[in-house]
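A.B. asks: would you be able to build a 3D model of this:
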Amino acid sequence: MFDVISIGASTKDVFLISRGFKLIKTPQFKGGMGECFSYGSKVEIGDIYFDTGGGATNSAYTFSNLGLKPSIVSKIGHDIYGMEIMHILAHNGVDIHNLSTDKAHKTAYSTILVVSGGDRTVLVYRGASANFNEEDFNWSKLKTRWFYISSLAGNINLLKKIFIFAKKNKINIAWNPGADELKLGASKLKSLIKDAYVFNLNKEEAQKLTGKKDVRSILKAIDKMSAGYNIVTDGGNGAYLSDGTLIYYAKALNVPVVNTTGAGDAFGSAFCAGLILRNDWDFGLRLAILNSAGTITKMGAKNGLLEKIPSQNDLNRVKIQIIR
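C.D. replies: Numbers count the residues shown, from 1 in each chain. Purely as a prediction, here's the structure:
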């Protein structure tokens with residue numbers, strides 16, 4: 001029996017850091033901002049960093065670090081990067097027997113262009129992770145207390161099967177959907193949101209899903225769809241948690257930001273770990289803030305994560321207040 005099984009993508013990541021990457025305000029890009037470099041030029045790279053990533057591997061890493069027994073359901077290519085992912089997970093205490101290999105597609109790969117201040121643009125090749133389907137699940141071996149589900153490339157049919165299986169087997173679900181799932185809209189997702197014990201989005205995603213702007217309105221809208229814990233993260237501003245009655249705000253820690261990749265995975269998985277370990281949302285929220293703060297101070301999605309349960313003094317560094 002596992003404590004938690006992470007379900008989602010596994011990727012090979014390369015981080016490129018350069019002063020030649022510029023942020024430019026322009027209406028030509030969605031969001032009004034573009035990350036640019038001079039056309040036709042050679043752009044000098046100041047530093048380069050290799051790591052593994054993807055919501056499934058990142059979250060499983062946190063679960064193992066915090067003393068839980070995790071497994072991972074994901075898909076990799078039959079290549080050197082897939083072997084690297086397997087080795088790193090197994091070395092860190094994550095069960096890899098539910099990891100499948102795709103001989104027709106390469107391991108997913110992300111090129112991450114990092115500017116000063118830690119913001120980044122991600123160039124994504126989804127590869128094997130986009131070819132993920134129910135045949136990659138050995139359902140009889142998925143004996144666990146929790147599922148932690150991240151992006152499944154918009155595969156709504158697979159999501160429904162996972163949720164049905166979880167309900168039948170009394171498995172709690174923490175769900176952090178990706179952009180492709182959220183594109184389906186609230187009407188197609190609300191039946192799944194209803195059955196999630198934890199539903200976690202960043203503010204921009206939550207605004208698009210609900211059509212609301214401010215966090216209170218966003219969480220009220222999500223609370224109507226879900227009776228569980230609903231979370232909206234807001235980057236350097238902190239995070240908001242609703243238990244259906246009250247909204248709690250946890251302020252982000254003031255730490256130097258090197259790279260924001262993986263912060264969402266660090267937050268969501270640590271909150272889930274807090275519920276698994278102590279069934280305590282307050283403990284989970286403190287773990288989540290500390291875990292995400294650690295990862296943004298280091299390059300890569302797995303460096304800087306908590307390596308054990310923090311001391312009470314460290315937990316007390318996180319300030320939580322009721323805002324409703």
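A.B. asks: tally of neighbours for Thr210?
C.D. replies: Using other C-beta atoms under 10 Å, Thr210 has 19 other residues around it. Bear in mind the C-beta positions are built from the backbone N, C-alpha and C, glycine included.
A.B. asks: hmm, I was thinking of Asp314
C.D. replies: The number of residues packed near Asp314 is 13, by other C-beta under 10 Å.
A.B. asks: contacting residues for it?
C.D. replies: Asp314 sits next to Leu290 when contact means C-beta atoms under 8 Å, 6 or more residues apart in numbering.
A.B. asks: so what's it scoring on pLDDT?
C.D. replies: In this model, Asp314 is scored at 97, pLDDT.
A.B. asks: A strand includes it, no?
C.D. replies: No: under the criterion used here (DSSP: H, G, I helix; E, B strand; the rest coil), Asp314 is helix, not part of a strand.
A.B. asks: tell me the mean pLDDT over stretch 222-240?
C.D. replies: Mean predicted confidence for stretch 222-240 is 95.
A.B. asks: meant to ask about stretch 62-70, not that
C.D. replies: On average, stretch 62-70 scores 98.
A.B. asks: same deal with stretch 138-150?
C.D. replies: The pLDDT scores in stretch 138-150 average 96.
A.B. asks: pull the CA atoms of that stretch into PDB?
C.D. replies: Taking Å, rounded to 0.1, in the frame of the first residue of the first chain, the C-alpha atoms of stretch 138-150 are listed here in PDB:
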ATOM      1  CA  ASN A 138      -1.900  -1.300 -14.000                       C
ATOM      2  CA  TRP A 139      -5.100  -0.600 -12.100                       C
ATOM      3  CA  SER A 140      -4.800  -3.700  -9.800                       C
ATOM      4  CA  LYS A 141      -1.500  -2.300  -8.500                       C
ATOM      5  CA  LEU A 142      -2.700   1.200  -7.700                       C
ATOM      6  CA  LYS A 143      -3.300   0.500  -4.000                       C
ATOM      7  CA  THR A 144      -2.900   3.800  -2.200                       C
ATOM      8  CA  ARG A 145      -4.500   6.300   0.100                       C
ATOM      9  CA  TRP A 146      -4.200   9.300  -2.200                       C
ATOM     10  CA  PHE A 147      -3.800  10.200  -5.900                       C
ATOM     11  CA  TYR A 148      -1.900  13.400  -6.700                       C
ATOM     12  CA  ILE A 149      -2.900  14.300 -10.200                       C
ATOM     13  CA  SER A 150      -1.200  17.000 -12.300                       C
END
